[in-house]
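Q: coordinates for the following, if possible.
(one chain, ligands or ions: 2)
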Amino acid sequence: MTKKKIGIIGATGYTGSELVRILTNHPDVEISMITSESRTGELFSDVHPFLQGIADQKLVSVNQIDEYELDLVFLALPHGVSMDFVKRFKDKSFKIIDLSGDFRLSTQEVYEEWYKIPHIYPKGIEKAVFGSPELYFDEIKQAHLIANPGCFPTSAILGLAPLLKANLIETDRIIVDSKTGVTGAGIKAKTVNLYSNVNDNFKAYGLKNHRHTIEIQGVLDKVSGKNTCIQFTPHLLPVDRGILTSIYVRPTEKLDEIKLKELYADFYANAPFVRLRKQEPAIKDVRGTNYCDLYVTYDERTNMVIIISVIDNLIKGAAGQAVQNMNIMFGLEETKGLNLIPLNP
Ligand SMILES: NC(=O)C1=CN([C@@H]2O[C@H](COP(=O)(O)OP(=O)(O)OC[C@H]3O[C@@H](n4cnc5c(N)ncnc54)[C@H](OP(=O)(O)O)[C@@H]3O)[C@@H](O)[C@H]2O)C=CC1
Ligand SMILES: CC(=O)N[C@@H](CCC(=O)OP(=O)(O)O)C(=O)O
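A: Ligands and ions are numbered 1, 2, ... in the order given. Now for the predicted structure:
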């Protein structure tokens with residue numbers, strides 16, 4: 001089989017470097033082009049020295065894209081920037097997986113309300129498929145443009161989908177409490193992410209208005225066929241990678257713990273990257289992998305279901321899920337190149 005030719009746009013960032021790290025070991029693809037506007041002409045491993053001798057490709061400008069024959073391009077760019085490129089590439093034959101939030105929401109209006117910037121390519125919103133393989137495998141298979149899910153939404157949606165699909169919980173008050181590592185904020189320097197602000201510290205942010213609230217809600221509305229109302233609060237942990245999301249929901253009737261666990265087992269029977277855990281998972285249990293580990297339990301005393309969901313924000317929350325989507329789009333085994341074992345401790 002000829003290897004598929006891949007382009008990575010914006011590879012000096014965290015998700016770009018994770019894509020290169022994962023795809024370098026993928027048996028059915030070759031990385032043909034890696035772009036950087038700020039470091040054009042340098043080697044990829046000059047920017048990411050830990051990949052010296054492993055990924056020494058020369059970085060080119062995205063303006064050179066027509067010199068390459070590509071089957072698929074990953075956009076590892078900030079939101080607001082990605083949409084320019086999706087528009088620019090609209091007539092190209094290659095498939096696109098966009099890691100930003102630019103095409104994840106339902107309409108231009110919803111995007112502009114939550115992202116507070118104009119959307120210059122609303123046609124892309126109509127065309128894009130939300131790249132959650134556990135929910136939209138068949139649509140992803142046919143897609144030309146994938147909106148790769150956000151990191152917090154991945155952890156929350158996978159935690160809640162089985163209960164909402166089965167119509168077993170109240171939808172008007174769903175509490176999603178997430179904690180993330182600092183790489184979630186990207187590589188660009190920001191004061192809030194200085195060592196002295198993060199180390200030995202723990203803080204909430206984005207209360208009431210974090211843009212992932214509407215992404216989670218939009219997908220769960222579709223899954224449940226109802227209007228859900230999500231109370232989402234992220235927190236910044238003094239760790240480099242990992243997300244732990246605690247979810248609290250009220251069932252519409254008393255639940256049986258065994259049946260609850262069976263519901264999740266049935267829902268994820270064909271999902272190779274969702275592991276249903278017998279005990280509460282920790283972020284290191286999935287570190288460096290594409291797993292989403294879930295623990296679900298029912299508290300009879302409070303009549304609440306508690307779900308703990310953990311992912312590596314850079315992998316299942318970004319680059320790994322993007323590669324999973326790529327595999328599905330190419331008709332490859334979903335797990336190709338993603339047989340990663342957790343790095344714990
Ligand atoms: N980090 C995470 O955990 C997750 C990130 N995402 C999303 O994936 C996308 C990439 O994220 P991440 O890799 O963390 O981002 P980074 O900030 O680490 O990297 C983004 C890269 O985009 C390039 N770039 C191009 N144009 C611009 C511009 N105008 N301003 C700034 N950078 C630009 C830069 O590369 P160069 O200068 O070399 O061209 C930069 O290195 C984002 O949309 C992010 O929201 C999604 C899920 C999780
Ligand atoms: C720590 C931190 O700042 N995390 C980021 C995670 C966002 C992200 O990466 O997702 P998108 O692709 O939707 O931008 C945040 O809360 O904005």
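
Q: now do residue 238 against ligand 2, distance only.
A: 11 Å (Cβ to the nearest ligand atom, to the nearest Å). Every C-beta, even on glycine, is put in place using the N, C-alpha and C of the backbone.

Q: my guess is residue 182 contacts residue 243. True?
A: No. Assessed by Cβ atoms under 8 Å, residue 182 is found out of contact with residue 243, at 11.5 Å.

Q: who has more neighbours, those two?
A: Using other Cβ atoms under 10 Å as the criterion, residue 182 and residue 243 rank with residue 243 on top: 28 against 21.

Q: contacts only, for the more buried one.
A: Residues counted as contacts of residue 243 (Cβ atoms under 8 Å, 6 or more residues apart in numbering) are 151-152, 155, 178-181, 184, 283, 310-313, 317.

Q: which of those come close to ligand 2?
A: Near ligand 2, judged by Cβ under 6 Å from any ligand atom, the entries from the contacts of residue 243 are 151, 180, 184.

Q: not counting sequence-adjacent ones, nearest residue to the residue in the stretch 1-150 of the chain that ligand 1 sits nearest to?
A: When distances are taken as Cβ to the nearest ligand atom, the stretch 1-150 of the chain reaches nearest to ligand 1 at residue 13, 1.9 Å away. In space, residue 13 comes closest to residue 187 once its chain neighbours are excluded; the distance is 4.9 Å by Cβ to Cβ, 6 or more residues apart in numbering.

Q: out of the contacts of residue 243, which sit inside strands?
A: Members of those lying in strands (criterion: DSSP state E): 178, 179, 180, 310, 311.

Q: neighbour-wise, give me the winner out of those.
A: The most crowded member of the ones in strands among the contacts of residue 243, judged by other Cβ under 10 Å, is residue 311 (33 neighbours).

Q: any chance of JSON lines for the contacts of residue 243, columns pLDDT?
A: Below are the contacts of residue 243 laid out as JSON lines (pLDDT from 0 to 100):
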{"residue": "151", "pLDDT": "98"}
{"residue": "152", "pLDDT": "98"}
{"residue": "155", "pLDDT": "99"}
{"residue": "178", "pLDDT": "98"}
{"residue": "179", "pLDDT": "98"}
{"residue": "180", "pLDDT": "98"}
{"residue": "181", "pLDDT": "98"}
{"residue": "184", "pLDDT": "97"}
{"residue": "283", "pLDDT": "98"}
{"residue": "310", "pLDDT": "99"}
{"residue": "311", "pLDDT": "99"}
{"residue": "312", "pLDDT": "98"}
{"residue": "313", "pLDDT": "98"}
{"residue": "317", "pLDDT": "98"}
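
Q: okay, domains of this protein per the record?
A: Domains of the chain are assigned by automatic domain parsing as 4-149+316-329, 151-312.

Q: quick one: end-to-end distance for the first one.
A: It stands for domain 4-149+316-329. 11 Å (Cα to Cα, to the nearest Å).

Q: and stretch 102-115, by the same measure?
A: Using Cα to Cα, the two ends of stretch 102-115 sit 9 Å apart.

Q: where do the strands sit along the stretch 1-150 of the chain?
A: For the stretch 1-150 of the chain, the strands defined by DSSP state E, counting those that start in this stretch cover 4-9, 29-35, 59-60, 72-75, 95-98, 129-130, 145-147.

Q: give me the residues contacting the fourth one.
A: Translated: strand 72-75. Strand 72-75 has contacts (Cβ under 8 Å, 6+ apart) with 4-10, 16, 19, 65, 82, 85-86, 89, 94-100, 322, 326, 329-330.

Q: got the CA positions of whichever helix in the chain runs longest in CSV?
A: The longest helix of the chain (DSSP state H) is helix 151-165. Extracted as CSV, the C-alpha positions of helix 151-165 are listed here (Å, rounded to 0.1, in the frame of the first residue of the first chain):
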residue,chain,number,x,y,z
CYS,A,151,-9.9,18.8,25.0
PHE,A,152,-12.4,19.5,27.8
PRO,A,153,-15.4,18.6,25.5
THR,A,154,-13.8,15.3,24.7
SER,A,155,-13.6,14.3,28.3
ALA,A,156,-17.1,15.6,29.1
ILE,A,157,-19.0,14.3,26.1
LEU,A,158,-17.5,10.8,26.4
GLY,A,159,-18.5,10.8,30.1
LEU,A,160,-22.1,11.9,29.5
ALA,A,161,-23.1,10.4,26.2
PRO,A,162,-24.3,7.0,27.3
LEU,A,163,-26.6,8.4,30.0
LEU,A,164,-28.0,11.1,27.7
LYS,A,165,-28.6,8.7,24.8
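
Q: now do it: distance to the chain's middle.
A: Its chain's average C-alpha position is 12 Å from that of helix 151-165, according to Cα atoms, centre = their mean, to the nearest Å.

Q: so the residue of the stretch 1-150 of the chain closest to ligand 1 sits against residue 76, correct?
A: Yes. Residue 13 is in contact with residue 76 according to Cβ under 8 Å; the separation is 5.6 Å.
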